[in-house]
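Undergrad: Everything below, folded, please.
(chains A and B)
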Amino acid sequence: MRVTTVIIGAGHAGLAVSHCLSARSIDHVLLERGEIANSWKRERWDSLRLLTPNWMSRLPGYTYQGADPDGYRNMPETIGLLEGYASTISAPVRTQTPVTSVRAFDDGYRVTTPHEVWECRTLVLATGACNIPRIPALAEAIPAGIHMLTAMEYRNPGQVEPGGVLVVGGSASGTQIAEELQLAGRSVTLALGEHIRAPRLYRGRDIKWWMDAAGVLNDPYDEADDLERARHVPSLQLAGSTDRRTVDINRLTGLGVRIVGKLAGIADHRAQFSGSLRNVCALSDLKMNRLLDRIDQWATEHGLDAEVEPPHRFEPTRVPDDPLLGIDLRRGEIRTVVWATGYRPDYSWLEAPVLDRKGRIRHEGGIVDSPGMYVMGLPFLRRRKSSLIDGAADDARDLSEHLARFLDHRATQNGGASSEVTFQGRET
Amino acid sequence: MSPTQSPVDNGVNVEALLGARTALTETPEGAKFTWRAKTEWLNGTHSRSTVEDFFGLGEEQRHKRIFTFECDHPEIFASEDHGATPVEMLLAALGHCLTAGVAAVAQNREIQLESVTATIEGGMDIRGILGADTDVRNGFHGIKVTYDIKADATPDEIKALVAQSQKRSAVFDAITNPTNVTVEVR
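TA: Residues are numbered from 1 along each chain as shown, chains lettered A, B, ... in the order given. Down below sits the predicted model:
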């Protein structure tokens, strides 16, 4: 079957692109491995809420109209948002259609699924950045008998037997799961490497409100000091909750969670924790304060100081005087290990030569290094907000504009093979 | 990163370092280094190490000259105190590594350093090395580094220099994280 554009993935990113292509009358199809909002339905824990407030999940042609703009969507509400959006924009979604291969073909791409083969001139990869849990190789050395699960498999404390739990990773997933398990009566140890601390509320407003208003989320990729680093910064240590609480290391310490350094090795059944805990906490506090400085400066420049609470700084992260450096995993103290060590995309089906040595897509702001191919939803793809639901609108608008120009250019070239298309200028 | 006409000069060629980072990202083979030292027993607890060559950028490399270091133990250990103890060398190595990092990061962030002093202390219960109590470890139970830095920067910017230096330090990593060590006899 032929179509101008195939979009792989019907999450928020794919749907946003669909809306933009429809507006340009570019015929397209979305191929979805499962159902709309599949990962929100099947790969998240029960209590999870979005890390961004309701008002903020703006999609092209959609803004929140409900009664609780400052709340955080739970999973059913998130699924409802995306299903409703897909229906409103009449997105041409083929569900239960996993893509098994993508190959360069003729003057476009051939996309194979179990039931049909699509040929398209342009292709948008919207499968997201979080398909496969990233588990460190040392997991193999965890002694048999200790139950292991990933943040993607975790659902609720009922899965986790009584006793000690080692949560590895202190970003949004790790801190939330650590809090939930500790509150459910488990004895949680959190192994903490580099992380990004952030308060839920600052000066009476949501940190995401500040980051949005002050333009932090709009920082463009081509002005980042060190894009490589910016694209690999872990997720903000945030949680969505009904009481808008901050779930940081100090909160966890107060609940009785034991904080240890990064899980650095396992030798003779002994988990070894890095001695760098104090520094990773110092790095994170300094980074948070730089963000708050930027926010304060913006508030002053924009005359907001009289409207909001005065600036203040949070208590530095409390680090134990003598953090634990190891646990003997045979002693029975730790019954379960939860890997909250991040995710990576799955490109096993992508047979076009667009991956770099480390298996990452080579792209320039979402324009893949292969004519007519685009990618959405990766961290700092075009802007700091690119991996957020709220980041899809601007990226989808930019990339669909580029895609349309690519098609126009090809039409005038009678389908010449390699086309150079550039942006006229960046939109802000 | 654009080249600057910044007057900041800590004696670090940041452009060369950033250039090396870019080049070695493309050709990671060149980034594989082997560092070497040779230690010869002299007498008692006194020994001498020499450092001369290493491998890197795909080939054998040589220092401008041979460097030698001597270690011994102090007289209260019934030794002759011909040199610093190996654990003091380790503390010095940590101080050297972190301080080089402070200078490099400061240059990159265009912060002029006036003076940098690291005071390094490592606490140790020597019942471990004496075998007097098997519950006591041989190594340090903790190391504390205290920096006194005068620089054209705010206190938080100075703290960030020191934090970033730890993040990129080989010796800090080698001390804080486990490393497999293989010792053989020829």
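
Undergrad: other SSEs contacting the least confident helix or strand in chain B by mean pLDDT?
TA: None of the helices or strands of chain B scores lower by mean pLDDT, DSSP states H and E than helix B:14-26, at a mean of 85. Where contact means 3 or more CB pairs under 8 Å, 6 or more residues apart in numbering or on different chains; DSSP states H and E, helix B:14-26 is packed against helix B:86-108. Heads up, the C-betas are built off the backbone N, CA and C, glycines and all.

Undergrad: one step back: so for the least confident helix or strand of chain B, what gets flagged as buried?
TA: Within helix B:14-26, the residues that qualify as buried are B:Val14, counting by 16 or more other CB atoms under 10 Å in any protein chain shown.

Undergrad: what angle separates that helix from helix B:86-108?
TA: Using axes from the mean of the first three to the mean of the last three CA atoms, to 10 degrees, the inter-axis angle of helix B:14-26 relative to helix B:86-108 is 100 degrees.

Undergrad: now the end-to-end length of stretch B:21-37.
TA: 26 Å (CA to CA, to the nearest Å).

Undergrad: ok, residues contacting that stretch?
TA: Under the criterion CB atoms under 8 Å, 6 or more residues apart in numbering or on different chains, residues A:Arg357, B:Ser49, B:Thr50, B:Val51, B:Glu52, B:Asp53, B:Phe54, B:Phe55, B:Gly56, B:Leu57, B:Gly58 lie in contact with stretch B:21-37.

Undergrad: which regions of the stretch 301-428 of chain A sit below the pLDDT cut-off?
TA: Within the stretch 301-428 of chain A, the ranges that satisfy pLDDT under 70 run A:414-428.

Undergrad: Regarding the residue of it found nearest chain B, what is its secondary structure?
TA: Nearest residue of the stretch 301-428 of chain A to chain B (CB to the nearest CB) works out as A:Asp322 at 7.0 Å. Judged by DSSP: H, G, I helix; E, B strand; the rest coil, the three-state class of A:Asp322 is coil.

Undergrad: tell me the contacts of residue 77?
TA: Chain wasn't specified; assuming chain A. Contacts of A:Glu77 (CB under 8 Å, 6+ apart): none.

Undergrad: Switch to chain B, please.
TA: B:Thr45.

Undergrad: how much space is there between it and chain A?
TA: Per CB to the nearest CB, to the nearest Å, B:Phe77 is found 26 Å from chain A.

Undergrad: quick one, phi/psi of that residue?
TA: Note on B:Phe77: backbone dihedrals following degrees, to the nearest 10 are phi -100, psi 20.

Undergrad: same check, this time on A:Ser400
TA: phi -70, psi -30.

Undergrad: quick one: low-confidence parts of the chain?
TA: Using chain A. Low-confidence segments of chain A, defined by pLDDT under 70: A:414-428.

Undergrad: Wait, chain B was what I had in mind.
TA: In chain B (pLDDT under 70), the answer is B:1-6.

Undergrad: which bits of it sit near chain A?
TA: Residues of chain B lying close to chain A (CB under 8 Å from any CB of the partner chain) are B:1, B:28, B:142, B:156, B:159-160, B:163-164, B:166-167, B:172-173, B:175-178.

Undergrad: Identify the farthest-apart pair in these.
TA: Pairwise distances among these were taken by CB to CB; the largest, 36.8 Å, belongs to B:Met1 and B:Gly142.
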